[in-house]
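> based on what follows, work out the 3D shape:
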Amino acid sequence: MPDTKDAYVRKLKAKIDEWNAEIDVLAAKTEQEHPELKAQCRQKVEALQAKVKDAEDRISAVHDAGEAAWEELKQGMRSSLQTWKDSFAKAKREFDKGFSDGRKK
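The predicted structure follows:
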C-alpha cells in the first residue's frame, strides 16, 4: 500500500469504483435471474452495496484523520479491505454458479 495518506485514500477510492462497477454487473444479472431466485440475488447485491457504503465511510475517516491517527486507521482498513475482497469474491462465485446452473428464466 502507498505510504502517504492521500495516496492510500486514492487507492482505496479506486477499489471502491471497481466494486461499484462489479455490483452494477451483478445487479444487471439479477434482473435476468429466474423469478424464484431474483429476491435472493437482490439481497446479495444490497448486502454488497452496504459493504461498499461502509468502506466509503471508513475511507472518509482515514482521509479526515490527523497524521498521527491515520496509521492506526490504516491498519484497521487493511483487515476490513480483506474482508470486503473476500465478500465480493464469494458473492461473485455464487452469482456465477447460479447462472451456470441453468436457473435462468
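
> what about Ala89, how many residues nearby?
10 (other C-beta atoms under 10 Å). All C-beta spots, glycine's among them, are computed from the backbone N, C-alpha and C.

> I'd like the mean pLDDT over the helix of greatest length in the chain, please.
Longest helix in the chain by number of residues, with DSSP state H as the criterion: helix 67-100. Averaging pLDDT along helix 67-100 yields 76.

> and it, what's buried?
Within helix 67-100, the residues scored as buried using 16 or more other C-beta atoms under 10 Å are Trp70, Leu73, Lys74, Met77, Leu81, Trp84, Phe88, Ala91, Phe95, Gly98, Phe99.

> ok, and for stretch 37-47, which residues are buried?
By neighbour count on 16+ other C-beta under 10 Å, the buried set for stretch 37-47 is Leu37, Cys41, Lys44, Val45.

> pLDDT (mean, whole number) over that stretch?
For stretch 37-47, the mean confidence score works out to 82.

> who touches it?
Stretch 37-47 has contacts (C-beta atoms under 8 Å, 6 or more residues apart in numbering) with 23, 26-27, 29-31, 33, 87, 91, 94-95, 98, 103.

> from the chain's centre, how far out does it sit?
Distance of stretch 37-47 from the chain centroid (C-alpha atoms, centre = their mean, to the nearest Å) equals 15 Å.

> cool, stretch 67-76 as well?
Centroid separation for stretch 67-76 versus its chain: 21 Å, with C-alpha atoms, centre = their mean.

> could you do stretch 43-51 as well?
On the basis of C-alpha atoms, centre = their mean, stretch 43-51 sits 8 Å off its chain's mean C-alpha point.

> same question, stretch 5-25
On C-alpha atoms, centre = their mean, the centre of stretch 5-25 falls 9 Å from the chain's centre.

> report the buried residues of that stretch.
Buried residues in stretch 5-25, defined by neighbour count with 16+ other C-beta under 10 Å: Lys5, Tyr8, Val9, Leu12, Lys15, Ile16, Trp19, Glu22, Ile23.

> average model confidence for that stretch?
Averaged across stretch 5-25, pLDDT comes to 86.

> contacts for that stretch, please.
1-2, 45, 48-49, 52, 55-56, 59, 62-63, 65, 67, 70, 74, 77, 81, 84, 88, 92.
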